[in-house]
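**Q** Just to be clear, the model below is a prediction. Sequence and coordinates:
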Amino acid sequence: MPHSNITPKTRERAKRLRRDLTKAETAMWSMLRDLRPYGARFRRETPIGPYIADFAWLSARLVVEVDGDSHETAHGREHDLQRDRFLGNQGFKVLRFDNDQVLDGPHYVFVEIQKQAAPFLKKPIP
């Protein structure tokens, strides 16, 4: 059953994005899946209102974004600010990492996500 605040166009775009993950998004998905045994339930390319979160754990109200070069433009930064404001107003905490951080520093990225996810995990990560 479709959610009333998600347009069919947004829903279709999310499906397309799930099929076409970037290299950095694929690496992030692998990291987030490593948290599943501890209770984390991230979803890929999840519509939230008019936006699509790269990765979202809805019950924990946690969004993880992997940003490419398009986010470094003036328009991209403004769009991200609007998006983060909307998601924050919906009760979500947004974590942003750029592609290089995910690909070149995965341990740092994983530790940062783990810190934010820790209060919601069913058991601690050893």
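**A** Everything's here; your move.
**Q** only C-alpha atoms for contact and neighbour calcs from this point on.
**A** Noted.
**Q** tell me the phi and psi of G39?
**A** Main-chain torsions, G39, degrees, to the nearest 10: phi 110, psi 0.
**Q** oh sorry, the question was meant for Q114
**A** The phi/psi pair for Q114 (degrees, to the nearest 10) is phi -60, psi -40.
**Q** Report how many residues lie close to it.
**A** 18 (other C-alpha atoms under 10 Å).
**Q** In CSV, could you pull the C-alpha coordinates for the longest helix along the chain?
**A** Criterion DSSP state H: the longest helix present in the chain is helix 74-89. Extracted C-alpha coordinates of helix 74-89, given in CSV (Å, rounded to 0.1, in the frame of the first residue of the first chain):
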residue,chain,number,x,y,z
ALA,A,74,26.2,25.7,-4.8
HIS,A,75,22.9,24.2,-5.9
GLY,A,76,23.8,20.8,-4.4
ARG,A,77,24.7,22.3,-1.1
GLU,A,78,21.5,24.3,-1.0
HIS,A,79,19.4,21.3,-1.9
ASP,A,80,21.2,19.3,0.9
LEU,A,81,20.4,22.0,3.4
GLN,A,82,16.7,22.0,2.5
ARG,A,83,16.6,18.2,2.6
ASP,A,84,18.4,18.0,5.9
ARG,A,85,16.0,20.6,7.3
PHE,A,86,13.0,18.6,6.1
LEU,A,87,14.4,15.3,7.5
GLY,A,88,15.3,17.0,10.8
ASN,A,89,11.8,18.3,11.1
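**Q** which helices and strands sit right next to it?
**A** strand 93-98 (3 or more C-alpha pairs under 8 Å, 6 or more residues apart in numbering; DSSP states H and E).
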